[in-house]
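Participant: 3D model of this:
(2 chains)
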2 protein chains.
Amino acid sequence: MSDAAPAVTPALARFARVTPRSAIPAAVRHEALRALVNWTGCAVGAARHPSVERALAALAPFSGPAQATVLGRTERVDILHAALVNGIASHTFDFDDTHLRTVIHPAGPVAAAILALAEYRPVDGRTFIDAFVIGVEVECRIGNAVYPSHYDVGWHITGTAGVFGAAAAAGRLLGLTEQQMAWALGIAATTASGLREMFGSMCKPFHPGWAAKNGLTAALLAQQDFTSAAQPIEGKRGFANVLATARNYAEITERLGETWELAQNTYKPFACGIVIHPVIDGCIELRTAHGLKAGDIESIDVDVHPLVLELTGKKTPQAGLEGKFSVYHSAAVAIIDGAAGETQYSDARVRDPQVIALRDRVHAKVDAALHEDAGRIRITLRDGRVLERFVEHAIGSLARPLTDAGLEDKFRGLVIPVLGAPAAARLLDALWQLDASADVAALPLLCVPAEATRERSTQRAD
Amino acid sequence: MSDAAPAVTPALARFARVTPRSAIPAAVRHEALRALVNWTGCAVGAARHPSVERALAALAPFSGPAQATVLGRTERVDILHAALVNGIASHTFDFDDTHLRTVIHPAGPVAAAILALAEYRPVDGRTFIDAFVIGVEVECRIGNAVYPSHYDVGWHITGTAGVFGAAAAAGRLLGLTEQQMAWALGIAATTASGLREMFGSMCKPFHPGWAAKNGLTAALLAQQDFTSAAQPIEGKRGFANVLATARNYAEITERLGETWELAQNTYKPFACGIVIHPVIDGCIELRTAHGLKAGDIESIDVDVHPLVLELTGKKTPQAGLEGKFSVYHSAAVAIIDGAAGETQYSDARVRDPQVIALRDRVHAKVDAALHEDAGRIRITLRDGRVLERFVEHAIGSLARPLTDAGLEDKFRGLVIPVLGAPAAARLLDALWQLDASADVAALPLLCVPAEATRERSTQRAD
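Facilitator: Presented below is the predicted three-dimensional model:
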C-alpha cells in the first residue's frame, strides 16, 4: 500500500510553498476575512473563560519574551504560548467555524499559529491571507483524505488535521524551502493528537490550540533543518495509515491549487449545538416579522428532527451550559431577545423568570421526515392567531450562509462585553480591511482591553 | 467494551499519588540509579549533536526564563524546553535503556521531565527517585497493556507511553490531588503522539523529548485544574481504544505497587543495534582473553541470527552511521579497540585503513538455530590457531545485565569527550549518591561544561 501511495507530502509541500496569490479567487479571499472575523470574535469573547485563565496560570511562568498578544487580555507571552492560548479560547464556546464535510473547525489551528507569528516576524495583510487560505486548504484536504474513518476511530480531527494546516501556513510565512516544508509537515504528522474522549472537558478547546502551537513549532524546527521522515503522511507507518482505517489520497492531490475548501466553510449564528439552529432561526424570523413579545404568546409548538430531542431535550435547564442542550430555552430566548449568543446561555438568563415562563409554554415533537437543518415552528398567540414558519435550511448552513452583517452581529455580541463597543468597531473594521494592512501585528493589539492599551501608550510616550 | 473496562485511570492516579517510599524495594531504587547513570551519560554525550543544536536554535528565541540546564551545554532555558531538548539528546545515539518486553526506552521521557522540574521546584534525592520509579511504572504498565498491537499499528511507544510516565512523575513532585493526577493523565493521553515512520530521522529522538515536555505540561495544567476526560485511557474514545487494536487492562492494575517494571530494564553496552551485540561481545572477550591484535588475525568467522545480516549486513560502510549497520565493521573495531561506543562509529573510524583491512577479513553466515541474543565467533590466527567463543546471551541482555562497572565505562566513554575526565567523575559520583542528595538541582549543574561553570562561579563571586 505504501509503495503505491502517491507522494502526497511533497505535493502538499510544493503547494504550500509555491502557490501564487493569483491562484486564490477573490471570493475565497473574502471567505478568509469572514473566517477571521468569526474566529477573532470567538477568541476575544472567551478571553476570560476558566479554560483560558487556567492555561495561562499554568504556563505563563515558563513563557518566553512578551512577543505576542493573548487576545482579549492584557498578558503578552511568547508566540508558541500565544498560539496555544488563543487557539484554546477560540474553540471554548464551540462557536467557531465548521467545514461540514469533515467537522473540522478550520480557522483555529491556522489563525492562532500565524497571528502569533505575525507579531514576531512582520507580514502584510495580503501575504497573511494567502498563508491562511493555504493552511486551511492543507488541513481540510488531509481531513477529507482520512474522513470518516479517522474520526470514527476517535480522533478529534480539528486537532489532528489542524496541526498540518498550522505548519503549512507558518512554514509559508517563514519562507521554508520545499524540503523544509516537507519536514514541517512530517513534524506535524508526528505531533498530531487529540482524542474525542475529551469532549465535555477543557481538553476539547485545548486541541486546536495544541495544533496551532505544534504546527508553529514544526515550521520553526524545520526552518533549522530539523529532519523528519520522507513519507510522514503516506508512508507505511505514517499519519494516514496509523491514524485512520481507510484513506483516499486523491482527496489531497486532485485539483490541488484549483479548488478551495475555504469556500465550504460555515459559521454558526447561535452559540449552541447546530441541531437547534432551525428552531431558533424560525422563532427569530417570526419575532421580527410580527414584532412578537413574550406576553403575546400562548404556546410555541416545534416539529424537529429526532436528534434535536435526543441531544437537546432538557426541559428545565439550571445552568447556562445546560441551556445549550435545551430546545425549550433556546426557543424562549429567541423570542424574547431575538438572539441566541453566549449572553443567552448565561446562568442568569437560564434562571430569568420571564424566560422560564415562556420556556414552559414551548412544546417539541419529533418529525422523522425533517432534514437535520430543517424545522417547523407554530406560535399560537393569546389573541387566537396562529403564526407558522417552516425553515428548510437553517441560517448558517451551506445553503443559507450567515451574511456578512450576520457575522458582524455575532462578532459584536462576543467582543463588546470584553473590549467595549468602540474598540469592537475598530477591530471589526481592521479585520475587514486586512487585505490592505501593511503590518498584521497591528491587529492583535486592537484585541487588548482598553486599560492595557492606555498603559502601553503611556509607556511609549516615556 | 468501554463499559466493561476497569477504571484504570483512577487506579493509576491513586498509585502515582499515594504509593509510599517503603513500597519500593532497595534493588529497584538501585536500578533507578543505574537507569539515571545510563540516561545522563547518553544525554550529555549527545549534547553537541546536530539534533540538539537545531532544536535549540529553533526554539531558544521562544524560551522562558533560564530555569533549567541543557545537559552538556552552557545554555539555560525554561523547564519545558529543557525537558524537550534533554529528552531529544538522550535518545539521539539510540544508546539509552530498553524495557525489552515493550521496546520502550523508559528513562528518557520521565527523567527529562523531572530533572528539569527539579531545577524549578526543590526536591531531595529520595523523593526524586520515588517519582522516577513511579513514572517508569506508569509508562511501562500502559505500554504492557497495549503492546504489541499499539506498536504494530505504527506508534513509537517511547513517545506515546512515555508521556504518561512523565505526567505521573511530574504530577507526584507537584503534589497533585488524585483528581488533578487523573486530569494530568488525561491531558497526557490527548497529547500522546509519535510515529514509527520517523525512524531514521531526527524526529525519532524528538519523541522522548516531546513526551517529557508534554507530560510535564500536562501535570502543570492539571495543577491549575485544567480539566480532562474521566476515562482518558479506558473510555470508548480513549487512548487504549484509539491507539491500539487490542489491549489488556490487567497489565495496568494487577499487582500495581507490588511489582516493578524498572527491574526489567536493560542497558546497551554498545552504540549500535542490539542484534550485533553477541558478535561484539564475543570478539571483545576473545581479544581480552588472548591479548589479540589485528595483525595476528587471519580471519574472523561469525555465525549469527538471521536478523543480523538482514539489518546489519553492510560490508563496506562509508560513514560512521552506516558502521552501526555493519556487523563486519563492528567485529573489527571490537578486536582493534576492545569497544563499540560512539567513537567506534565515527566517520574517521569507519574509514581507517587498519579497520578496513580487518573488516575485509570478517565473514558472517546465518545460523537459524541461534537465539536473537546469541552468536558464535571463530577467529583463525596467522599462526594457525583457532579461537572460538559461543555467546549464549550477549552482555546487556536481561540474562547478563551490564554491571555497574560496565555502566561506568559506558558513561565515561560518553561524558568525558564533553565534560572532561574530572567533571565526568564528579558527575558519576553525584549520580550514585543521588539518594542522599538534599537538592537534586545540584546534579544538572555538574553537567555543564567547564567554561560555563567557571563563568557562573565568577558571577556568583561578584
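Participant: To what extent is A:P109 buried, counted in neighbours?
Facilitator: By other Cβ atoms under 10 Å in any protein chain shown, 39 other residues sit near A:P109. In short, each C-beta sits where N, CA and C put it, glycine included.
Participant: next one: A:P353
Facilitator: Other residues within reach of A:P353, judged by other Cβ under 10 Å, total 7.
Participant: From A:A319, how far off is it?
Facilitator: Applying Cβ to Cβ, to the nearest Å, one obtains 16 Å for the distance of A:P353 from A:A319.
Participant: ok, now A:Q223?
Facilitator: Relative to A:A319, A:Q223 is positioned 46 Å away (Cβ to Cβ).
Participant: Comparing the two, which shows the higher neighbour count?
Facilitator: A side-by-side neighbour count of A:Q223 and A:A319, using other Cβ under 10 Å, places A:Q223 first with 21 against 12.
Participant: ok, A:S90 to A:G45 distance?
Facilitator: 9 Å.
Participant: The two: who's more crowded?
Facilitator: The residue with more neighbours, out of A:S90 and A:G45, is A:S90; 32 against 28, by other Cβ under 10 Å.
Participant: residue contacts, that one?
Facilitator: The neighbours of A:S90, taking Cβ atoms under 8 Å, 6 or more residues apart in numbering or on different chains as the test, are A:W39, A:C42, A:A43, A:A46, A:D96, A:A107, A:G108, A:A111, A:A112, A:P205, A:P208, A:G209.
Participant: and the helix or strand containing the second one, C-alpha only, in PDB?
Facilitator: Right, A:C42. Assigned by DSSP states H and E, A:C42 falls within helix A:26-45. Extracted as PDB, the C-alpha positions of helix A:26-45 are listed here (Å, rounded to 0.1, in the frame of the first residue of the first chain):
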ATOM      1  CA  ALA A  26     -11.400  36.900  -4.700                       C
ATOM      2  CA  ALA A  27     -14.400  35.100  -3.200                       C
ATOM      3  CA  VAL A  28     -12.100  32.800  -1.300                       C
ATOM      4  CA  ARG A  29     -10.100  35.700   0.000                       C
ATOM      5  CA  HIS A  30     -13.300  37.300   1.200                       C
ATOM      6  CA  GLU A  31     -14.200  34.000   2.900                       C
ATOM      7  CA  ALA A  32     -10.800  34.200   4.600                       C
ATOM      8  CA  LEU A  33     -11.900  37.500   6.000                       C
ATOM      9  CA  ARG A  34     -15.200  36.100   7.100                       C
ATOM     10  CA  ALA A  35     -13.500  33.200   8.800                       C
ATOM     11  CA  LEU A  36     -11.100  35.600  10.600                       C
ATOM     12  CA  VAL A  37     -13.900  37.900  11.700                       C
ATOM     13  CA  ASN A  38     -15.700  34.900  13.200                       C
ATOM     14  CA  TRP A  39     -12.600  33.400  14.700                       C
ATOM     15  CA  THR A  40     -11.400  36.600  16.300                       C
ATOM     16  CA  GLY A  41     -14.800  37.200  17.800                       C
ATOM     17  CA  CYS A  42     -14.800  33.700  19.300                       C
ATOM     18  CA  ALA A  43     -11.300  34.100  20.700                       C
ATOM     19  CA  VAL A  44     -11.800  37.500  22.200                       C
ATOM     20  CA  GLY A  45     -15.200  36.500  23.500                       C
END
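Participant: Show me which residues of it are buried.
Facilitator: A:28-45 (16 or more other Cβ atoms under 10 Å in any protein chain shown).
Participant: Mind giving me the packing neighbours of it?
Facilitator: Of the remaining helices and strands, those touching helix A:26-45 by 3 or more Cβ pairs under 8 Å, 6 or more residues apart in numbering or on different chains; DSSP states H and E are helix A:79-92, helix A:107-118, helix A:125-146, strand A:265-266, helix A:404-419, helix A:421-432.
Participant: between the first one and helix A:26-45, how big is the angle?
Facilitator: It refers to helix A:79-92. Orientation note: helix A:79-92 sits at an angle of 90 degrees relative to helix A:26-45 (axes from the mean of the first three to the mean of the last three Cα atoms, to 10 degrees).
Participant: Show me what secondary structure element comes after helix A:79-92.
Facilitator: On the C-terminal side of helix A:79-92, the nearest following helix or strand under DSSP H and E is strand A:98-99.
Participant: Touching that following strand from outside, list them.
Facilitator: Contacts with strand A:98-99, where a contact means Cβ under 8 Å, 6+ apart, come from A:I104, A:H105, A:P106, A:C140, A:G143, A:E261, A:Q264, A:N265, A:T266, A:Y267, A:K268, A:I274.
Participant: residues near A:I233, how many?
Facilitator: Summarising burial for A:I233: neighbours were counted as other Cβ under 10 Å, giving 31.
Participant: Out of the helices and strands packed on helix A:26-45, which one sits most buried?
Facilitator: Counting by mean count of other Cβ atoms under 10 Å in any protein chain shown, helix A:107-118 has the highest mean neighbour count of the helices and strands packed on helix A:26-45, with a mean of 33.
Participant: How far away from the center of its chain is it?
Facilitator: The chain centre lies 12 Å from the centre of helix A:107-118; the measure is Cα atoms, centre = their mean, to the nearest Å.
Participant: cool, and stretch A:146-161?
Facilitator: Relative to where its chain is centred, stretch A:146-161 has its mean C-alpha point 16 Å off (Cα atoms, centre = their mean).
Participant: contacts for that stretch?
Facilitator: By Cβ under 8 Å, 6+ apart, stretch A:146-161 touches A:91, A:101-106, A:108-109, A:139-140, A:142-143, A:192-199, A:204, A:207-208, A:210-211, A:239-240, A:243-247, B:190, B:236-238, B:241-242.
Participant: can you give me the end-to-end distance of it?
Facilitator: Looking at stretch A:146-161, the gap from its leading to its trailing residue is 9 Å under the measure Cα to Cα, to the nearest Å.
Participant: Give me the buried stretch members for that stretch, please.
Facilitator: Buried positions in stretch A:146-161, judged by neighbour count with 16+ other Cβ under 10 Å: A:146-147, A:150-151, A:153-161.
Participant: and which of those is nearest chain B?
Facilitator: Relative to chain B, the closest of these is A:G154; by Cβ to the nearest Cβ it sits at 3.6 Å.
Participant: Just read off the phi/psi values of the most centrally placed residue in chain A.
Facilitator: Chain A has A:D96 as the residue nearest its centroid, 2.6 Å off, counting by Cα atoms, centre = their mean. The phi and psi torsions at A:D96 (degrees, to the nearest 10) take the values phi -80, psi -180.
Participant: Repeat that for A:P25.
Facilitator: According to degrees, to the nearest 10, the main-chain angles of A:P25 amount to phi -60, psi 160.
Participant: mind checking pLDDT for it?
Facilitator: According to the model's per-residue confidence, A:P25 sits at a pLDDT of 98.
Participant: how about the nearest residue to it, chain neighbours excluded?
Facilitator: The spatial neighbour of A:P25 that comes closest, neighbours along the chain excluded (Cβ to Cβ, 6 or more residues apart in numbering or on different chains), is A:W260 at 7.0 Å.
Participant: quick one: that neighbour and A:V133 touch, right?
Facilitator: Yes. Using Cβ atoms under 8 Å, A:W260 is in contact with A:V133, at 6.8 Å.
Participant: Between these two, which contacts overlap?
Facilitator: Where contact means Cβ under 8 Å, 6+ apart, the residues bridging A:W260 and A:V133 through contact with each are A:I24, A:V28.
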